[in-house]
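[1] Okay, here's the prediction I keep looking at, along with the sequence it came from:
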Amino acid sequence: MFSAGTIVKVLVSNIPSAGYDYRLTVPATIGTFVGVRVMNRVCVGIVWGIGDSGLPQEKIKDVSFVYNAKMPVADMQWLLRMSEWTLIPMGMVLRLIVNIPDAFSPPRIEQLYSFDFDSKTRMTQNRQAVLDAFASNDNDPMTAIDVQNIARVSSAVVRNMIKNGGLIPVAQREKNLGDYAFDYQDLGNIKLNEQQQTAADVIGDAIKNGGFSVFLLDGITGSGKTQVYFDSAWRAYSQGKSVLLMMPEIALTAQFMSRFESRFGAPPVVWHSNLTAARRREIWRGVLNGKIKIVVGTRSALFLPWQDLGLVVIDEEHDTSYKQEDMGNYHARDMAILRAKISGFPVVLASATPSAETLENVNLGKYKCLRLTSRYGGAQLPEITTIDLRENRPTPYTVADVEQIGSLSPLLCDALSETLAQGHQAMLFINRRGFAPIIQCKKCGWTATCSECSVGMTYHKRIGKLLCHMCGRTAPLPKVCPDCGCDVSMRGVGLEKIQEEVSVRFPNVRTALVSSDIITSRQVLERLVSQLEQGKIDIVIGTQILAKGHHFPNLTLVGVVDSDMGLFGTDFRAAEHTFQQLFQVAGRAGRGEYAGRVLLQTYQPAHPVLTAICSGDRDGFMQTDMAGRKAAQMPPYGMLIAVIIEGEKEAVLHKYCQDLAAAAPIIHGAKIMGPITAQIYQIRNWYRMRFLVAGGMNMALQTVIMRWLSKVKQPANVRVKIDVNPINFM
Ligand code: ADP
Ligand code: ZN
């Protein structure tokens with residue numbers, strides 16, 4: 001305990017430094033949350049230790065507030081280790097936790113609004129988005145600014161809705177903590193099968209005994225992993241511990257929530273990116289004071305101020321959405337495991353297609369593997385076969401008398417007809433948004449590219465414009481080539497184009513599109529899911545959004561339009577990711593009483609990824625893939641760190657990179673490669689270069705990098721981003 005008057009070092013959230021000295025005016029301990037003035041603003045920080053700046057007394061400011069809350073010492077160690085590993089500065093790591101601007105302020109009196117459900121106004125797209133924003137917060141009243149942020153509409157839309165009565169002002173009281181904290185009970189309505197029970201007992205013992213351990217719950221789609229980790233959650237909770245269930249945002253479905261509620265008697269507290277500011281604050285505080293014990297959330301839920309975490313479950317552990325890539329790069333799975341190691345509790349990783357990193361940790365005996373090998377209730381895995389596009393060529397189809405190149409082979413079309421004739425549903429998978437990805441001049445070869453990014457623009461029929469998938473900029477579709485005045489053609493196939501082809505070949509069929517630009521919120525997704533469940537859609541055409549967590553008993557056919565798309569990826573994870581994606585998509589077929597089948601259209605049916613998918617030989621495939629990586633010293637057998645340098649002025653950027661290259665140290669057993677121009681050289685008008693540092697697994701490359709970068713002065717208008725174990729190499 002530090003007494004009043006002590007000079008302490010305070011780590012301040014959102015300031016890159018490792019902390020500043022302040023004088024305590026009341027006693028506080030290490031880890032106490034405080035408010036301190038930085039440039040005339042009060043910022044939240046934590047007391048890190050005794051002051052060490054050596055500044056004269058009169059230059060040191062008083063701590064402004066001492067809050068009645070503390071960060072456990074183990075978590076302070078975690079922050080430090082995380083900063084050392086990711087090279088995110090300490091104050092920015094703290095910001096991941098203290099990301100609630102008014103975490104400690106009393107609720108402000110603000111005008112709140114409710115949605116007017118009785119309004120007879122026509123349901124426009126904006127109104128629907130606002131309605132969804134309310135729905136994602138249980139229809140609690142919210143402030144105008146929340147409506148704007150969560151519904152992603154303009155302030156003018158909100159103002160108009162207030163003016164014409166679409167939003168009704170209501171009493172100005174926000175909900176508080178009590179409304180989010182629940183008591184749970186195990187209703188005992190789930191009986192695990194033998195494999196589930198074995199896995200649950202092993203994890204249960206680890207929870208009972210305490211201490212660090214990691215389990216891989218490795219079970220095929222539909223094998224019942226969820227009920228196993230619900231059992232684990234219950235065991236930790238009933239010992240008084242807090243529990244975090246992490247999952248990708250698109251897996252936070254109503255179906256999942258109701259499964260949770262029907263087992264535990266109350267809904268989970270849900271943490272995701274569309275919460276109101278008030279709800280965020282209340283959940284944050286509820287976790288801090290231990291009233292909220294179970295949270296289901298996305299990767300950022302790991303950074304809630306947990307006090308007595310006893311279990312973290314990471315569902316779909318291989319999912320790349322756990323990797324944060326802006327505002328500091330970190331991998332939430334790895335950071336959760338680090339946290340568990342320091343604080344001493346078990347972690348459960350669940351997946352049907354575990355990542356190579358995790359499988360290697362199982363091989364090394366660091367993680368324990370628990371397998372579920374059959375679908376719960378005996379549903380059969382679908383039959384998976386390839387269609388060789390070289391032999392079974394798609395025939396052309398006609399739109400308004402113009403012949404179009406088809407993408408659906410006769411075999412796939414026959415399968416679609418049969419499925420529809422049986423009254424079942426089908427899904428066509430294509431991982432490309434929009435209508436046509438390439439807009440090109442027929443004569444001079446000009447292609448439409450974004451004016452601020454070095455990527456091509458995609459034509460989106462729904463909005464009737466070109467769209468940059470990098471920065472979101474739109475542009476009109478040119479009538480003629482801006483360079484030579486000749487006609488332009490649309491090339492390549494996106495999902496809107498597949499929809500066109502389906503509606504020509506199957507005129508009376510009801511289709512729906514699913515992609516990230518259409519499914520803008522979970523509410524939109526839920527609506528689509530319920531339409532599918534009610535049989536109002538015959539063929540759903542989509543990207544991988546629907547490939548997770550859903551259960552459609554009538555969906556018996558999955559067609560993958562272009563199975564080769566991911567196979568030509570340039571990075572060493574291309575095959576692994578393609579395998580995971582195809583496996584996941586295939587897992588949607590035949591989950592009910594009818595058998596399912598999966599057809600993969602391809603030009604190279606003999607490719608190892610495809611033969612492995614068809615024969616269900618995941619382990620063999622991963623073994624071969626990992627052997628290749630071992631030979632090449634790629635992760636998980638070697639370590640990579642990307643250093644991405646971005647600059648507004650090309651000349652400054654290049655000069656800085658040359659200087660860095662000249663200053664690059666020679667490291668035994670490691671190498672610094674580059675600089676090369678990044679695959680996407682320009683994003684939002686900033687130019688980009690990359691270095692890649694490769695070395696052995698336990699080489700402390702981070703220290704080497706920091707020393708190297710400190711040797712060259714960083715010019716103005718240049719950013720340096722460090723990505724440890726990068727997933728994205730663009
Ligand atoms: P996974 O997460 O492994 O893909 P799920 O947990 O979604 O699989 O389970 C698949 C289906 O089986 C779900 O509908 C689930 O409710 C059901 N199920 C799994 N285990 C049980 C159980 N022990 N008792 C009753 N139903 C179960
Ligand atoms: Zn762009």
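    Yes, it's here. Ligands and ions are numbered 1, 2, ... in the order given.
[2] Report all helices and strands that the helix or strand that contains residue 677 contacts.
    Using DSSP states H and E, residue 677 sits within strand 671-683. In terms of contacts (3 or more CB pairs under 8 Å, 6 or more residues apart in numbering; DSSP states H and E), strand 671-683 is packed against strand 639-647, helix 650-663, strand 686-695. The C-beta positions use only the backbone N, C-alpha and C, and glycine is treated the same way.
[3] Stretch 703-720: which residues count as buried?
    704, 705, 708, 709, 712, 718, 720 (16 or more other CB atoms under 10 Å).
[4] try stretch 657-674
    657, 660, 664, 670, 672, 674.
[5] before we move on, the earlier item: tell me the strands beside the strand holding residue 677, with direction?
    strand 686-695 (antiparallel) (DSSP bridges).
[6] Tabulate the CA atom coordinates of the next helix or strand after the partner strand in PDB.
    Remark: after strand 686-695, the chain's next helix or strand is helix 701-710, criterion DSSP H and E. C-alpha atoms of helix 701-710 as PDB (Å, rounded to 0.1, in the frame of the first residue of the first chain):
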ATOM      1  CA  LEU A 701      13.200 -11.600 -32.500                       C
ATOM      2  CA  GLN A 702      11.100  -8.900 -30.900                       C
ATOM      3  CA  THR A 703      14.100  -7.500 -29.100                       C
ATOM      4  CA  VAL A 704      16.200  -7.600 -32.200                       C
ATOM      5  CA  ILE A 705      13.500  -5.700 -34.100                       C
ATOM      6  CA  MET A 706      13.200  -3.000 -31.500                       C
ATOM      7  CA  ARG A 707      17.000  -2.500 -31.500                       C
ATOM      8  CA  TRP A 708      17.100  -2.400 -35.300                       C
ATOM      9  CA  LEU A 709      14.300   0.100 -35.600                       C
ATOM     10  CA  SER A 710      15.700   2.400 -33.000                       C
END
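[7] So for helix 701-710, mean pLDDT?
    In this model, helix 701-710 carries a mean pLDDT of 95.
[8] and that helix, how far from the chain's centre?
    Chain-centre distance of helix 701-710: 29 Å, with CA atoms, centre = their mean, to the nearest Å.
[9] which helices and strands does that helix pack with?
    Using 3+ CB pairs under 8 Å, 6+ apart, helix 701-710 is in contact with strand 639-647, helix 650-663, strand 686-695, strand 718-724.
[10] In the chain, where is pLDDT below threshold?
    Applying pLDDT under 70 to the chain flags the ranges 173-179, 547-549, 568.
[11] Centre-most residue in it?
    residue 321 (2.5 Å; CA atoms, centre = their mean).
[12] quick one: that residue from residue 728, how far?
    Distance of residue 321 to residue 728, given as CB to CB, to the nearest Å: 12 Å.
[13] what is in contact with the two at once?
    Overlap of the contact sets of residue 321 and residue 728 (by CB atoms under 8 Å, 6 or more residues apart in numbering) is empty.
[14] what number of residues lie near the residue lying closest to residue 130 once chain neighbours are set aside?
    Among residues not flanking residue 130 along the chain, residue 151 sits closest, at 4.6 Å (CB to CB, 6 or more residues apart in numbering). When neighbours are defined as other CB atoms under 10 Å, residue 151 has 25 of them.
[15] Tell me the residues on the stretch 201-350 of the chain that lie near ligand 1, please.
    Residues of the stretch 201-350 of the chain found near ligand 1 (CB under 6 Å from any ligand atom) are 219, 221, 222, 223, 224, 225, 226, 227.
[16] farthest pair in those?
    221 and 227 (14.1 Å; CB to CB).
[17] Between these two, which has more neighbouring residues?
    residue 221 (24 against 17).
[18] can I assume the more buried one is in contact with residue 587?
    Yes. Residue 221 lies in contact with residue 587 (CB atoms under 8 Å); the separation is 3.2 Å.
[19] got any residues that touch both of the two?
    With CB under 8 Å, 6+ apart as the test, residue 221 and residue 587 both reach residue 352.
[20] Farthest-apart pair in the buried residues of stretch 703-720, please.
    704 and 718 (20.6 Å).
[21] Contacts for stretch 707-723, please.
    86-87, 325, 329, 641-649, 652-653, 655-656, 659-660, 663-665, 672, 686, 705.
[22] now stretch 62-78
    Stretch 62-78 has contacts (CB under 8 Å, 6+ apart) with 8, 10, 22-26, 28-37, 42, 46, 48, 97, 104, 288-289, 305-307, 338-339, 342-344.
[23] go with 6 Å
    22-26, 28, 31-37, 42, 46, 104, 288, 339, 342-343 (CB atoms under 6 Å, 6 or more residues apart in numbering).
[24] any bit of the strand holding residue 677 sitting next to ligand 2?
    No. Using CB under 5 Å from the ion, strand 671-683 never reaches ligand 2; the gap is at least 6.9 Å.
[25] Kindly report the residues of the chain close to ligand 2.
    450, 452, 453, 468, 470, 471, 473.
[26] give the contact list for the first one.
    What it means is residue 450. 457, 468, 473.
[27] Mind putting those into a markdown table with secondary structure and neighbour count?
    Listed next are the contacts of residue 450 as a markdown table, based on DSSP: H, G, I helix; E, B strand; the rest coil; neighbours: other CB atoms under 10 Å:
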| residue | secondary structure | neighbour count |
| --- | --- | --- |
| 457 | coil | 25 |
| 468 | coil | 21 |
| 473 | coil | 16 |
